[in-house]
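> What shape does this take:
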Amino acid sequence: MRTFVTALLLILCTTAYSQEAMRRWRKMNQVRNDKFDLVLPEVMKENNIDMWIIMNREGNLDPLYSDMGEGYVGSFGSYYIFTDRGGDRIERASLGNDGYLLKQGGAYDYFGSVDELKEFVTARAPKSIGLNISKNIGGADGLTHSGFLELTEILGKKYADRFVSAEKLVSDFRSRRVASEIAIYGEAGEFSYTIAERALSNEVITPGITTLEDVAWWMKEQQFKNNLGSSFGMPSVYITGPDGVEASSNDRIIQGGDVIMIDWGVGLMNMFTDMKRIAYVLKEGETRVPAGIQNAFDQSMKVRDIIQKTIKPGVTAKESEEAVYKALSAGGFNRMASFNQFTDLDITDVIIGCHSVGNWGHGIGPSIAYWNPVRINYELRPSNLISIEFFAYTKIPEWGGKKLRVPIEDDAVITTRGIEWLYPINPRMLVIK
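Numbering: from 1, shown residues only. Got it, this is the predicted structure:
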């Protein structure tokens, strides 16, 4: 009987794993087909690129490999090729990529060998050929120097003279989202915030015993159990005190009176989140968060409300940044000159970094963040995914008037109405007893 039950459980578990693997694969196929149908024609025309060639080498895959459907890449490399041949549909070809999952995905019109490249390109005679070469965006810089030389040799000077950077095309293709993609991102967000909020609770933390790295490793274990990736490595679990960050994901033991922050994200079906949570550890005899610390958090909630109401599509990220700071100033907040350069003013200092998210925790679309000097000039579009991230510094009487940095971050989608959240956002300062 025991043998039978064990075998039955094994069958049921195997079936469940198979169903989950197929579910995720089907959803990623839906995203790919939707983006090829709806986004690709638009962005290729906007960027005046007739043909887009993405090259892979065995052991050195382009950053868009998962977006394109993956596939087996042999020792001779491979190409995904997209050609605007007129009309409202882009031709999709795969030369040298093989495998069941790619072919069953239904995204490509033609499969061939790498030896066909010159003939394939010559037959279509593109006026411009976009290649993944970029100084500013790592995700658009997948072509190696040797790969560029190889394409130049194969296609000859005539077509090499038509090579252009696909930097903006890659940014547009990735950052303009389809509904199926946004649905996955919401699912990833559910994993992300529930794990983070459980991590900052007495389920995981026992003050006086648990260390910061204990919390971080617990979070890593949750990723493992749920087959989730991450673009950030070890979760950042840190304590901020009167003099700034005291410790991060190390052997520091969590104690009463600590203010703990988490900054992390998960990866699910080629979508990656980036969010934060904050908690206070009650001291012995305390029943609630001290008034000064609670006020600092409350001020950050006012900041978030202003940011959410201000960001709209149809302007550049730079124009949006200026509008946000103007609204914050009108709301009684001070714009910081640079990160961590807070003032001694009695008002809350704020710096924003509302960056693109999506296929990494830091995406490659329009970015309302000073550290993205190129993409801050890109236009915000409906369907862009964006992290509403900022840091608010408020004086704490309990700390002798020193300021507490409150980091707030949750992920949203830009719609015609403005900012809309993709999952339940941070509603309160969490409390650990």
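
> got the end-to-end distance for stretch 257-271?
With C-alpha to C-alpha, to the nearest Å as the measure, the ends of stretch 257-271 fall 36 Å from one another.

> Flag every buried residue along that stretch.
Within stretch 257-271, the residues that qualify as buried are 257-271, counting by 16 or more other C-beta atoms under 10 Å. Just so you know, the C-beta spots here come from the backbone N, C-alpha and C atoms, and that holds for glycine as well.

> Check stretch 37-47 too.
Under the neighbour-count criterion of 16+ other C-beta under 10 Å, stretch 37-47 has 39-41, 43-44, 47 buried.

> Point out the other helices and strands that the longest strand along the chain packs with.
Assignment by DSSP state E gives strand 403-415 as the longest strand of the chain. Other helices and strands packing on strand 403-415, by 3 or more C-beta pairs under 8 Å, 6 or more residues apart in numbering; DSSP states H and E, are helix 179-199, strand 259-264, strand 275-281, helix 291-310, strand 385-395, strand 418-421.

> And the last one, what's buried?
I take that to be strand 418-421. Ile419.

> May I have the secondary structure class of Glu213?
helix (DSSP: H, G, I helix; E, B strand; the rest coil).

> and if you look at Gly208?
Applying three-state DSSP: Gly208 is coil.

> For Val281, see how far away it is.
From Gly208 across to Val281, the span is 10 Å (C-beta to C-beta, to the nearest Å).

> can you list residues touching both of the two?
Common neighbours of Gly208 and Val281, counting by C-beta atoms under 8 Å, 6 or more residues apart in numbering, are 254-256.

> Compare those residues and tell me which is most surrounded.
In terms of neighbours by other C-beta atoms under 10 Å, the shared contacts of Gly208 and Val281 top out with Ile254 at 24 neighbours.

> Now that that residue has come up, it's in contact with Thr211, right?
Yes: counting by C-beta atoms under 8 Å, Thr211 is a contact partner of Ile254 at 6.9 Å.

> Per-residue pLDDT of the nearest residue to Ile205 once chain neighbours are set aside, please?
Take Ile205 and drop its neighbours on the chain: the residue closest to it by C-beta to C-beta, 6 or more residues apart in numbering is Ile432, 5.3 Å away. With respect to pLDDT, Ile432 has a value of 98.

> Equivalent analysis for Cys13, please.
51.

> Could you do Ala7 as well?
What the model reports for Ala7 is a pLDDT of 53.

> Repeat that for Ser248.
The score at Ser248 is 96. That number is its pLDDT.

> picking that back up, give me the subset of the shared contacts of Gly208 and Val281 lying in helices.
Among the shared contacts of Gly208 and Val281, DSSP state H puts none in helices.

> Trp360 belongs to a strand?
No: counting by three-state DSSP, Trp360 is not part of a strand but coil.

> Now do the SS call for Glu91.
strand.

> OK, contacts around it?
82-85, 109-110.

> Now restrict those to buried residues only.
Using 16+ other C-beta under 10 Å as the burial test, the contacts of Glu91 include 82-84 as buried.

> okay if I get those as TSV plus distance to Ser75?
What follows is these, written out as TSV (distance: C-beta to C-beta, whole Å):
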residue	distance to Ser75
Phe82	24
Thr83	26
Asp84	31
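
> now these as JSON lines including secondary structure and distance to Ile311?
What follows is the buried ones among the contacts of Glu91, written out as JSON lines (DSSP: H, G, I helix; E, B strand; the rest coil; distance: C-beta to C-beta, whole Å):
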{"residue": "Phe82", "secondary structure": "strand", "distance to Ile311": "31"}
{"residue": "Thr83", "secondary structure": "strand", "distance to Ile311": "36"}
{"residue": "Asp84", "secondary structure": "strand", "distance to Ile311": "32"}
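
> Out of the contacts of Glu91, flag the one nearest to Val315.
Nearest to Val315 among these: Asp84, at 28.2 Å, using C-beta to C-beta.

> isn't the closest one right up against Glu46?
No: here Asp84 does not reach Glu46: they are 11.1 Å apart, not a contact under C-beta under 8 Å.

> quick revisit: determine which two of the contacts of Glu91 are furthest apart.
Top of the distance list for these (C-beta to C-beta): Asp84 and Tyr110, 15.3 Å.

> all helices of the stretch 101-250 of the chain, in order?
Using DSSP state H, counting those that start in this stretch, the helices found in the stretch 101-250 of the chain span residues 117-124, 145-160, 167-175, 179-199, 212-225.

> my read is Arg23 is in a helix, agree?
Yes: applying three-state DSSP, one finds Arg23 inside a helix.

> Quick one: neighbours of the residue lying closest to Val73 once chain neighbours are set aside, just the number.
Closest residue to Val73 apart from its sequence neighbours, by C-beta to C-beta, 6+ apart: Asn56 at 4.7 Å. Using other C-beta under 10 Å, Asn56 has 24 neighbouring residues.

> so what does whichever helix or strand Asn56 is part of touch, helix or strand wise?
With secondary structure defined by DSSP states H and E, Asn56 is part of strand 51-56. Counting contacts by 3+ C-beta pairs under 8 Å, 6+ apart, strand 51-56 packs against strand 78-84, helix 117-124, strand 129-131, helix 145-160.

> so which of these comes closest to Gly331?
strand 129-131 (43.3 Å).

> for the record, mean pLDDT for that closest one?
Rounded mean pLDDT across strand 129-131 is 98.

> contact partners of it?
Residues outside strand 129-131 that contact it (C-beta under 8 Å, 6+ apart): 44, 47, 49-53, 55, 121, 143, 148, 151, 155, 159, 162-166, 169.

> Then stretch 75-83?
Stretch 75-83 is contacted from outside by 36, 40, 44, 50-58, 64, 68, 71, 90-97, 114, 117, 120-121, 124, 126, 147, using C-beta under 8 Å, 6+ apart.
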